[in-house]
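# how does the following fold in three dimensions:
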Amino acid sequence: MKLLTVNVGRPTPSEYTDAEGGTGIDKRPVDGPVAVTAPGPKGVGGSGLAGDAVVDLRHHGGDDQAVYAYAREDLDDWQRELGRELANGSFGENLTTSGIEITGALIGERWRVGPRLLLEVTSGRIPCRTFQGWLGERGWIKRFTQAAVPGAYFRVIEAGEIRAGDTIELVHRPGHEVTVGLMFRAVTTQRELLPRLLETGEALHPEARRRAVKYVEQQGS
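Predicted coordinates:
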């Protein structure tokens, strides 16, 4: 289980977002170490990676979405399906991984990346118009949602430097069975799964928790 590349992006103009300054979705692999820290609350903090741009702070970045990871194995599946090359960073991911399950990762699962960085899984990535426009695939939001292979967002528990080739160690798995894939389906296509998200405690992304609580309240009324 290892980190293939660390990917960061600079602001890029885009017609697919109304955020001033464009988008930071164009992530490229970098050489050398990259410092990763908790960036601060949503709306204030951006990416957890030094040198990585998050332009639209309304919807991206912050402590609960400090780092985004996608598996090279899943990129390879999409590469075959789309019939085009997808370089590491193509989905806007900060970490392109190898040998570790992401869709099946549990909410609250913790990874040690390199010697010091400790990350905690909070949620799956919900596709947006900017993602579709960047990739240039018609109907991409629907296609990505139906596939339910979203990659994972993490919060930073312990800061540290990382670089390409670092090992990834799974150091904690919580006792529930709520995976990134289940969480993603619950907030997109299978709302009946929302109550299960409450099994995850404080590890779950706050926005997903609010959706789950609201659903349960509505069902009880």
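# element containing I168?
Taking DSSP states H and E as the definition, I168 sits inside strand 168-172.
# just checking, what packs against the following helix or strand past that strand?
Downstream of strand 168-172, the first helix or strand assigned by DSSP H and E is helix 180-188. With contacts taken as 3 or more CB pairs under 8 Å, 6 or more residues apart in numbering; DSSP states H and E, helix 180-188 sits against strand 117-124, helix 206-220. C-betas here are computed from N, CA, C, even on glycine.
# now do the longest one, average pLDDT.
It stands for helix 206-220. What helix 206-220 shows for mean pLDDT is 94.
# also stretch 145-162?
The model assigns stretch 145-162 a mean pLDDT of 98.
# quick check: end-to-end length of that stretch?
30 Å (CA to CA, to the nearest Å).
# mind listing what's buried along it?
148-156, 160-162 (16 or more other CB atoms under 10 Å).
# which parts of the lowest-mean-pLDDT helix or strand in the chain are buried?
Least confident helix or strand of the chain, by mean pLDDT, DSSP states H and E, is helix 129-135 with a mean of 90. Residues 130-135 are the ones in helix 129-135 that count as buried (16+ other CB under 10 Å).
# and P206, what is it in contact with?
P206 makes contact with D64 under the criterion CB atoms under 8 Å, 6 or more residues apart in numbering.
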